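Engineer: Okay, here's the prediction I keep looking at, along with the sequence it came from:
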Amino acid sequence: MTDAPFAAICFQHMQLSEWNSILQASVSPVILISGVGLLLLSMTNRLGRLIDRARVLSSEAKKAASGSPSHQMLRDEIAIIFHRTKDVRLAVIFAVVSIFCVALLIVSLFCLNAMSLQVEGLAVLFFLGSLGSLILSLCYFLKEIFLSLDALKLEIGVSEKRK
């Protein structure tokens, strides 16, 4: 038995071309991380805008006379924005889970190719988990987009009554 570390034993006989293919297989899913990261940026920006809008409406609702039509309209709009915020939060959570699964996929591919560990099942599971989480994230994001029209209808209804 040798005192060399496990990694050194695994990697000592690899050729440069083997390393190249190992790195290609392990790093190529990073493209998925970049794409989901851009979606995540858009979602977090939208979440921030929703929170800011809810704070403004809440301040206006506190100033409006309780029981007045404008007060009720503001409360209804805040309720819609709160629901939208929960949907965007779920979209963000599932996008982060997707990125996490891709990171685990990269580790499992590296272990599979570099150390010849039998983790094909894990790699498939992480890939499917990543895509499933991404699909859920996009569904919640799309749901929030549709809800945004409900809040707009309330605002338009008020502005049409004022004319």
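Structural biologist: Received it, and whenever you're ready, just let me know what you need.
Engineer: only C-alpha atoms for contact and neighbour calcs from this point on.
Structural biologist: Will do.
Engineer: give me every residue that touches the residue lying closest to residue 132 once chain neighbours are set aside.
Structural biologist: With CA to CA, 6 or more residues apart in numbering as the criterion, residue 132 has its nearest non-adjacent residue at 7.7 Å, and that residue is residue 98. For residue 98, the contact set (CA atoms under 8 Å, 6 or more residues apart in numbering) comprises 36, 129-134.
Engineer: let's see it at 6 Å
Structural biologist: For residue 98, the contact set (CA atoms under 6 Å, 6 or more residues apart in numbering) comprises 130, 133-134.
Engineer: Just send the residues you listed back as JSON lines, with secondary structure, distance to residue 57 and pLDDT too.
Structural biologist: Listed next are the contacts of residue 98 as JSON lines, based on DSSP: H, G, I helix; E, B strand; the rest coil; distance: CA to CA, whole Å; pLDDT from 0 to 100:
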{"residue": "130", "secondary structure": "helix", "distance to residue 57": "37", "pLDDT": "96"}
{"residue": "133", "secondary structure": "helix", "distance to residue 57": "32", "pLDDT": "98"}
{"residue": "134", "secondary structure": "helix", "distance to residue 57": "32", "pLDDT": "97"}
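Engineer: which of those residues lies closest to residue 115?
Structural biologist: The nearest member of the contacts of residue 98 to residue 115, counting by CA to CA, is residue 130 at 23.4 Å.
Engineer: shouldn't the closest one be in contact with residue 100?
Structural biologist: No: Residue 130 is beyond contact range of residue 100, at 7.7 Å (criterion: CA atoms under 6 Å).
Engineer: Looking at those two, which is more packed in?
Structural biologist: The residue with more neighbours, out of residue 130 and residue 100, is residue 130; 26 against 17, by other CA atoms under 10 Å.
Engineer: Which residue, other than its chain neighbours, is closest to that one?
Structural biologist: Nearest residue to residue 130, sequence neighbours excluded (CA to CA, 6+ apart): residue 98, at 4.1 Å.
Engineer: and residue 70, what does it touch?
Structural biologist: Residue 70 neighbours (CA under 6 Å, 6+ apart): none.
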